[in-house]
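Visitor: sequence and predicted structure, then a few things I'm wondering about:
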Amino acid sequence: MKNNNIQINMLGSPRIIYNEKDITDKLSYKSAGILYYVSANDYSSREKIAYTFWEGSSEDAAKYNLRYNLWSMNKIFKSSNKDEEAILEWNKNNLFLNNSYNVDIDIKKYGQELESDDLDLKSLIKLKSLYKGEFLEGFYLKDSFSFNDWLFFEREKYQKKHVQVLENLLEIYKKEKNYDKSISILQEMLNLNSLDEGLYVDLVKIYLEKGDRANALKIYNKCVHVLRQELNISPKKSTQKLLKIIKNKNYQNTYKSTNASGDITRLESPDLDYIVEHKNQYGNLLIVNCIPIENLNYCFMASLIDKIIDFYPRDLLKEARPGIWNDIYRINTRAADFIIKSFSFTSTETERNRLYYSLLELIRFISKDNKTIIVVKDLQFIDKYSFDFIKFLLFKRDGLNLDIMFTSSNETNYLIEIEQYFNLSKFIK
């Protein structure tokens, strides 16, 4: 058998390359569709193929059409060597690719890369490059509704995988403060789903963090326009609040400079020194440092638990509901001193929810008689899960005898997000 290399590209505009020659246009749409279908599924039953591509025909007519298309397809692939084998083989029940051909299928490579145990930046960039566009872009069969249904679901499947790759890349670029690449990824995601308000919000925040208020305003206005034109709705109130931040040249100083109570208070270094010096005037003061270590989740929360255990009397903490300590033990083993009976963990997501609620309940318990002040020192270094907990605490703070304050040496995305959802106040002596 002579050269028999076949490349089948299905991500983006479909192409069939045989021995370095593009033969896509030589195949009929039905023949190409059969080859794509079998290549994507490894094999398929002859009956299913006949029904999928000629569902409106009689059984005999469908089988005849299938035989004709296989003959026509294999004729194109054959060279002058009369002994060359067919590209698609079949047995009594199934159609499948002839394994004597060297077949390179882009979605197979994509799937293998995606299943890698270590999806680092290099792997994610390679995956992004393999996705040339939607599955079989622009391809459809006029009278084959079953095939077009299959095509729709495959497109959805691969687009979701591509979006996950983009989200993973975005997370890396955000951590690296690589604004340009973060913006490029978000714009690509908006091209896939222009109605996702959250993507506009992320893009606005990155432009703000970059210091580009002009483009932040353009993206905000585009968000307003698209939502009104396509869905006849306005952005969420939290999104609308971004407009005030964008228009304020000193957006990092938009917190209130009055004694009026906000949700959270920003401290400057002299403010913190003053509070420490006069702590008896304010309540039980818990100053928790954020540590600049990447990928160390729950670090701030674990440190907060340390502060609580060290500050409050042991007998008082033992009066808290025992189940609280069971959940808290997941991130701080010092909670073992307060656990009465053994327990087991559930899923990670369930544990995170329980952890947030249990730590909230513990803070409510220790604050019931005396106000507690939690100072998040160096907010710019806080880990993501702990930052989510701070937001959770702020949303749930009604009825809590609690003040939350923070220091931050620079204007991070965390600060922009706090300003988006909560009222900031400036410390007044």
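Guide: Here it is on my side, so go on. Residues are numbered from 1 along each chain as shown.
Visitor: residues in contact with the most centrally placed residue in the chain?
Guide: For the chain, Glu167 is the residue whose C-alpha lies nearest the centre (Cα atoms, centre = their mean; 4.3 Å). By Cβ atoms under 8 Å, 6 or more residues apart in numbering, the contact list for Glu167 reads Met189. Placement of C-beta: from N, CA and C, glycine included.
Visitor: am I right that it sits in a helix?
Guide: Yes: under DSSP: H, G, I helix; E, B strand; the rest coil, Glu167 sits within a helix.
Visitor: assign Leu95 to helix, strand or coil.
Guide: Following three-state DSSP, we place Leu95 in the strand state.
Visitor: just the pLDDT for it.
Guide: At Leu95, the pLDDT value in this model is 90.
Visitor: for it, give me its contacts.
Guide: Leu95 neighbours (Cβ under 8 Å, 6+ apart): 34, 38, 43-46, 49, 70, 88-89.
Visitor: just the ones of those in strands?
Guide: Judged by DSSP state E, the contacts of Leu95 include 43-45, 88-89 as members of strands.
Visitor: among these, who's most crowded?
Guide: Within the ones in strands among the contacts of Leu95, Leu88 tops the neighbour count with 22 neighbours, counted by other Cβ atoms under 10 Å.
Visitor: residue boundaries of the strands in this protein?
Guide: Under DSSP E, the chain gives strands at 5-9, 15-18, 21-22, 43-45, 88-90, 94-97, 102-105, 264-266, 284-289, 372-377, 402-406, 424-426.
Visitor: kindly reformat the ones in strands among the contacts of Leu95 as CSV containing distance to Gln7 and pLDDT.
Guide: Shown next, in CSV, are the ones in strands among the contacts of Leu95 (distance: Cβ to Cβ, whole Å; pLDDT from 0 to 100):
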residue, distance to Gln7, pLDDT
Tyr43, 20, 82
Ser44, 21, 88
Ser45, 26, 90
Leu88, 16, 87
Glu89, 19, 84
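Visitor: check those against Ser144 and report the nearest one.
Guide: Closest approach to Ser144 among the ones in strands among the contacts of Leu95 (Cβ to Cβ): Ser44, at 13.9 Å.
Visitor: separation between Leu190 and Tyr200?
Guide: 7 Å (Cβ to Cβ, to the nearest Å).
Visitor: again, but for Ile416
Guide: Separation of Ile416 from Tyr200 (Cβ to Cβ) stands at 14 Å.
Visitor: neighbour-wise, which of the two wins?
Guide: Tyr200 (24 against 20).
Visitor: could the strands of the chain be laid out in a markdown table, adding distance to Tyr312?
Guide: Formatted as a markdown table, the strands of the chain follow (distance: least, Cβ to Cβ, whole Å):
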| stretch | distance to Tyr312 |
| --- | --- |
| strand 5-9 | 64 |
| strand 15-18 | 68 |
| strand 21-22 | 74 |
| strand 43-45 | 66 |
| strand 88-90 | 74 |
| strand 94-97 | 69 |
| strand 102-105 | 62 |
| strand 264-266 | 23 |
| strand 284-289 | 8 |
| strand 372-377 | 10 |
| strand 402-406 | 14 |
| strand 424-426 | 27 |
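Visitor: so which of these gets nearest Gln159?
Guide: Per Cβ to Cβ, nearest to Gln159 of these: strand 5-9, 16.5 Å.
Visitor: check what contacts stretch 56-72 and list those residues.
Guide: Residues from elsewhere that reach stretch 56-72 (Cβ under 8 Å, 6+ apart): 27-28, 30-31, 34, 46, 49-51, 53-55, 86, 88, 90, 95, 143.
Visitor: which ones among the residues you listed are found in helices?
Guide: Counting by DSSP state H, the contacts of stretch 56-72 place 30-31, 34, 46, 49-51, 53 in helices.
Visitor: packing partners of the helix or strand bottoming out on mean pLDDT in the chain?
Guide: Among the helices and strands of the chain, strand 424-426 carries the lowest confidence by mean pLDDT, DSSP states H and E, at a mean of 79. For strand 424-426, the packing partners by 3 or more Cβ pairs under 8 Å, 6 or more residues apart in numbering; DSSP states H and E come out as strand 264-266.
Visitor: buried sites along stretch 182-196?
Guide: Within stretch 182-196, the residues scored as buried using 16 or more other Cβ atoms under 10 Å are 182-183, 185-186, 188-190, 196.
Visitor: ditto for stretch 408-421
Guide: The neighbour-count check on stretch 408-421 (16+ other Cβ under 10 Å) flags 408, 411-416, 418-420 as buried.
Visitor: dump the contacts of Leu95 to CSV, plus distance to Ser367.
Guide: Below are those laid out as CSV (distance: Cβ to Cβ, whole Å):
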residue, distance to Ser367
Ile34, 69
Val38, 66
Tyr43, 65
Ser44, 64
Ser45, 66
Arg46, 71
Ile49, 68
Leu70, 76
Leu88, 72
Glu89, 73
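Visitor: tell me the one among those nearest to Asn19.
Guide: Lowest distance from Asn19 to the contacts of Leu95 (Cβ to Cβ) belongs to Leu88, with 17.1 Å.
Visitor: quick one: Asp327 from Arg352, how far?
Guide: Asp327 sits 10 Å away from Arg352, going by Cβ to Cβ.
Visitor: looking at those two, which is more packed in?
Guide: It is Asp327, of Asp327 and Arg352, that has more neighbours when counted by other Cβ under 10 Å, with 22 against 18.
Visitor: quick check: nearest residue in space to the more buried one, chain neighbours excluded?
Guide: Of all residues not flanking Asp327 in the chain, Ser358 sits nearest, at 3.8 Å (Cβ to Cβ, 6 or more residues apart in numbering).
Visitor: beta partners for Trp90?
Guide: Applying DSSP bridges to Trp90 gives these bridge partners: Leu95.
Visitor: is it true that it touches Arg46?
Guide: Yes: counting by Cβ atoms under 8 Å, Trp90 does reach Arg46; the two are 6.2 Å apart.
Visitor: where do the contact lists of these two overlap?
Guide: Joint contacts of Trp90 and Arg46 (Cβ under 8 Å, 6+ apart) do not exist.
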